[in-house]
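*Asks:* Starting from these lines, generate the structure:
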Amino acid sequence: MQIHIVYAHPHAASLNASLRDESVTTLEGLGHTVTVSDLYAMKWKAVADFDDFGPTENEHFMAAAGEAWDKGALAADIRAEQEKLLAADLVILQFPLWWYTVPAILKGWIDRVFTNGFGYGTSRDWPRFGDGVLAGKRAMVVVTTGAAESHLSDRGVNGSIDDLLFPLQHGVLFYTGMQVLPPVVIPGAVHRFGDAEYAEAAKHLRTRLETLAETEPVAYRKQADDYDDAKRLKPGLEPAGATGFALHIA
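*Replies:* Reported below is the predicted structural model:
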């Protein structure tokens, strides 16, 4: 497989950097081709603005983005990242969970790369949630958290990790067509994370990477199949007692 890793951590000697290297070594050892976008090392521009679109007289931001996509006028760094995604069979996003979400530089990568025409369209007929430009590809999140595993459980003070990752996994990755594998979560990455803890985390990561082919994706519901014209889940499809995000998993 062609696997592309989008990596966001500022410290070259961090736990995340070591886990990224574990991923590259493991995947290449399995015969995969691996590319990495190290956003901090690249000094990725994290702010989406009109400079991304080349000369334009369109004052509407989304329309200007779509115009630039149609004309092939998007900034070179955006086009390069889009090409990496189009070439990949599997996309891995790796980052530390900061304030319940991705680091700002990764959010900026999402904002700029998943632009109008590539990540979304403005017409009602644009394919979304299970369809789209990246349909047929797979994606997976590798995330470290300062919170302990119990903090991220169904009754944990931080909320369920599945709920915290839902906007990213469902709202970005699945939205653009990718099938999303269950995340690799490395909790408790701040306190008492010594050699033994690292060895366990690295083993967990390697096991997940070695079993990519047989791992079932999260059963998110396709918009084209399970939702009515008002984009509401069709009656009778909801799991018993399910509410919130859980409604959207078959």
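*Asks:* how many neighbours does the residue nearest to residue 193 when sequence neighbours are not counted have?
*Replies:* In this structure, residue 193 finds its nearest non-sequential neighbour in residue 15, 6.6 Å apart by CB to CB, 6 or more residues apart in numbering. Quick note: C-beta positions are derived from backbone N, CA and C, even for glycine. Look at residue 15: counted by other CB atoms under 10 Å, it has 19 neighbours.
*Asks:* repeat for residue 155
*Replies:* Neighbours of residue 155 (other CB under 10 Å): 8.
*Asks:* From residue 187, how far off is it?
*Replies:* 15 Å (CB to CB, to the nearest Å).
*Asks:* what secondary structure does the spatially most distant residue from the centre of the chain sit in?
*Replies:* Ranked by distance from the centre of the chain (CA atoms, centre = their mean), the top residue is residue 57, with 32.4 Å. Three-state call for residue 57 (DSSP: H, G, I helix; E, B strand; the rest coil): coil.
*Asks:* From residue 64, how far off is it?
*Replies:* Residue 57 is 9 Å from residue 64, by CB to CB.
*Asks:* go on, residue 146?
*Replies:* Taking CB to CB, one finds residue 146 at 39 Å from residue 64.
*Asks:* between these two, which one's more packed in?
*Replies:* residue 64 (20 against 15).
*Asks:* Domains in the chain, by residue range?
*Replies:* 2-218, 219-250 (automatic domain parsing).
*Asks:* Is it correct that residue 3 falls within a strand?
*Replies:* Yes: counting by three-state DSSP, residue 3 falls inside a strand.
*Asks:* Would you mind measuring from the nearest residue to it once chain neighbours are set aside to residue 141?
*Replies:* Nearest residue to residue 3, sequence neighbours excluded (CB to CB, 6+ apart): residue 90, at 4.7 Å. For residue 90, the distance to residue 141 equals 12 Å [CB to CB].
*Asks:* what does residue 241 give?
*Replies:* 27 Å.
*Asks:* same thing with residue 23?
*Replies:* Taking CB to CB, one finds residue 23 at 12 Å from residue 141.
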